[in-house]
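Engineer: sharing a sequence plus its predicted fold:
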Amino acid sequence: MRLDLILRVGAKLILPFILLFALYVQFHGDYGPGGGFQAGVISAGMVILYAIIFGIRAAKQVAPPRVVEMMVPGGVLIYAGTGAYTMLLGGNFLEYTPLAHDFLHAHEWGIFSVEIGVLVTVCGTMIAMFYAFAERGRS
Amino acid sequence: MSSLSWGTIEPHLPILLVILPLFGSLLTTFLRKGILAWLIALAVTLVLPVFSIALLMKVMETGQPIVYQIGNWPAPVGIVYKVDQLSAYVLTVISLIGAVIMPFARRSVAAEIQEPAQSWYYTMYLLCLCGLLGIVITGDAFNAFVFLEISSLATYVLIAMGRHRRALLAAYQYLIMGTIGATMYIIGIGLLYVVTGTLNFDDLADRLRLAIADPGYRNAVITALGFIFVGVSLKLALFPMHVWLPNAYAYAPSLATAFLAGTATKAAIYLLLRLIFSVFGVALTIDNLPIPQILLVLSIAAMFIASFSAVFEENAKRMLAYSSVAQVGYIMLGVALINQAGLTGALAHIANHAIMKTALFLALGAVFYRIGSVMYSDMAGIGRKMPLTMGAFAVAGIGLMGTPGTAGFISKWYLGIGAIDAGMYSVVFLIVASSLISVIYIGRITEVVWFREPSEAAKTAKEAPLSMLIPLWILALATLYLGFDTRATVDVAAKAAEVLLGGIR
């Protein structure tokens, strides 16, 4: 019987709520404090907490380093891709107006898509930094 | 969805110039093979000059700046990219240098960088290119800071990947200095924002004119000018702030050195010109502050002290790095004269120096590829084994001295005329005198590589491969060509100088 039972069970209970809160912050960003950056940090915090409690090897099964490494440029690709897509629709770079018929809807979609990109990159970067620190002197 | 043709692409050229290398760098991160990443980088860098030359031709034709509104938000609110004669000219220089060294990159990077890192290396290369082009094209002070950081962070990686362990130290040194420079720049921009409430260059210029009338704001503006001047000077390696440069250039991989020597300091020089002339304006700079005098003293000090350091150097890359500091001195000398001919010479020298110095560093890269060293002792007699490589080196070196018939002469000629126009005859003498020092350091390495007995390493060396010789000779021949046909450099530079000087009258 290991002595960190409370930690393990407690963490397992908390983890889904951390992710839920991250998503809340993510989608709340259009109207209030929050957005992709904060949500990315919080969701990366979930993985980091998991790694601290259950070990880095278990965490790497949840968030494989290869995926994390691709998240960093992937998010920027989503952001810049949104801009390129609006150009293909006939607007300027990152001009959201052509994304939908209604001006406000179009901007909501544009910001939504850009914020997803921010979330992915920030989350990936935080986890990658944690892996880099946690693995120092191991390999 | 509109179809892709030149007509639909053309209005978007300014943004494409920045996002194309950005997309390229993102794609290369997903590819783990160096050769695939190189192909993407090659494709991207070959397209960029087409775009920048198209922009340059359009601007020269109409005489009007091209403005691109990101997200279609108009100027003071949104970020705009503004291409005028000056920025189109510098964009063309940077994108051409970025393109011409790409064929060279494949073998050089394959030899100097371990395989899993090769594709990352091209990522950093494209990211650096993206940042440098962004600095030059943006019309927004904070956006310029962001691009400055993008290019700087990529540069630190480019340098740190050098084979020598001291590359890490050199990159760290540059990181510290570069961060101090960027911090000073952003403090200055912050002060300007407090005073004016805007970040757009044109808007800043308009509002500063009113703001400096108020003595309370005036001091804040002068403080901002001081911070920005020192911060950007660190980035462009103006004389006493150049100490990061020789080590960074000497220990970086060959490709990075050739690329940075031709482009990185040039983008910073552009930023300084843009801020001093277009934003602060001479009304503030010239009449009340001794900025031209300070620049004059520092640039002449750079021309002599850095040249002397180059003479006594035993490492060829460090020698050329010191020479770069001296050449930045020439460019800033032309700026300090603040007249049409001086500025024309300075701007022409941006292109001429980029071409000559990139050719010189590419030649050293080819030598390093064959014998693994650029120390004079190892390079002795290498000219007999690699005559084409060292021949191009000699051509570019003669250009660097400022010999008539080469590009280097043209820019120094205009600098001399500028000094005469300004009534500073002693400066003409100093330009000639410092050129004589460059004869010594170029002459010294020429003596080593051609006339000495071959060293152990040089005995077994072979001529560089064709993929290295072609970019090298393109640049070497450009050095000669631009010594005769100056339409591409001086004529454009003269127009750009007019625009700059027009901003202050």
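Structural biologist: Right, received. Where do you want to start? Quantities reported herein were computed from a predicted structural model and do not represent experimental measurements.

Engineer: report the buried residues of the lengthiest helix in chain A.
Structural biologist: Criterion DSSP state H: the longest helix present in chain A is helix A:103-134. For helix A:103-134, the neighbour count (16 or more other C-beta atoms under 10 Å in any protein chain shown) marks A:106-107, A:110-128, A:130-131 as buried. Heads up, the C-betas are built off the backbone N, CA and C, glycines and all.

Engineer: helices of chain A, start to end?
Structural biologist: For chain A, the helices defined by DSSP H occupy A:5-28, A:36-54, A:56-62, A:65-88, A:103-134.

Engineer: in the first one, what's buried?
Structural biologist: Neighbour counts using 16+ other C-beta under 10 Å place A:A11, A:L15, A:I18, A:L19, A:F21, A:A22, A:V25, A:Q26 of helix A:5-28 among the buried residues.

Engineer: want to throw those residues into JSON lines with distance to B:P11 and pLDDT?
Structural biologist: Below are these laid out as JSON lines (distance: C-beta to C-beta, whole Å; pLDDT from 0 to 100):
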{"residue": "A:A11", "distance to B:P11": "54", "pLDDT": "91"}
{"residue": "A:L15", "distance to B:P11": "49", "pLDDT": "93"}
{"residue": "A:I18", "distance to B:P11": "45", "pLDDT": "94"}
{"residue": "A:L19", "distance to B:P11": "43", "pLDDT": "93"}
{"residue": "A:F21", "distance to B:P11": "43", "pLDDT": "93"}
{"residue": "A:A22", "distance to B:P11": "39", "pLDDT": "93"}
{"residue": "A:V25", "distance to B:P11": "37", "pLDDT": "91"}
{"residue": "A:Q26", "distance to B:P11": "34", "pLDDT": "91"}
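
Engineer: out of these, which is nearest to chain B?
Structural biologist: Within the buried residues of helix A:5-28, the smallest distance to chain B is 21.3 Å, found for A:Q26 (C-beta to the nearest C-beta).

Engineer: ok, now which ones touch that closest one?
Structural biologist: By C-beta atoms under 8 Å, 6 or more residues apart in numbering or on different chains, the contact set of A:Q26 is A:G34, A:G35, A:G36, A:A39, A:E115, A:I116, A:L119.

Engineer: and which of the residues you listed is nearest B:I150?
Structural biologist: A:G36 (18.8 Å; C-beta to C-beta).

Engineer: circling back: quickly check the contacts of A:Q26 for the two that are furthest apart.
Structural biologist: The farthest-apart pair in these, when distances are taken by C-beta to C-beta, is A:G34 and A:I116, at 13.5 Å.

Engineer: confidence score at the residue of the stretch 351-500 of chain B found nearest chain A?
Structural biologist: Using C-beta to the nearest C-beta, B:V499 is the residue of the stretch 351-500 of chain B that sits closest to chain A, at 24.9 Å. B:V499 carries a pLDDT value of 87.

Engineer: check which helix or strand covers it.
Structural biologist: Per DSSP states H and E, B:V499 falls inside helix B:492-502.

Engineer: and residue 109, what is it in contact with?
Structural biologist: Here I'm looking at chain A. A:Y96, A:L99, A:A100.

Engineer: that was the other one, I meant chain B.
Structural biologist: Counting by C-beta under 8 Å, 6+ apart, B:V109 makes contact with B:G34, B:W38, B:Q118, B:Y121, B:Y122, B:P253, B:L255.
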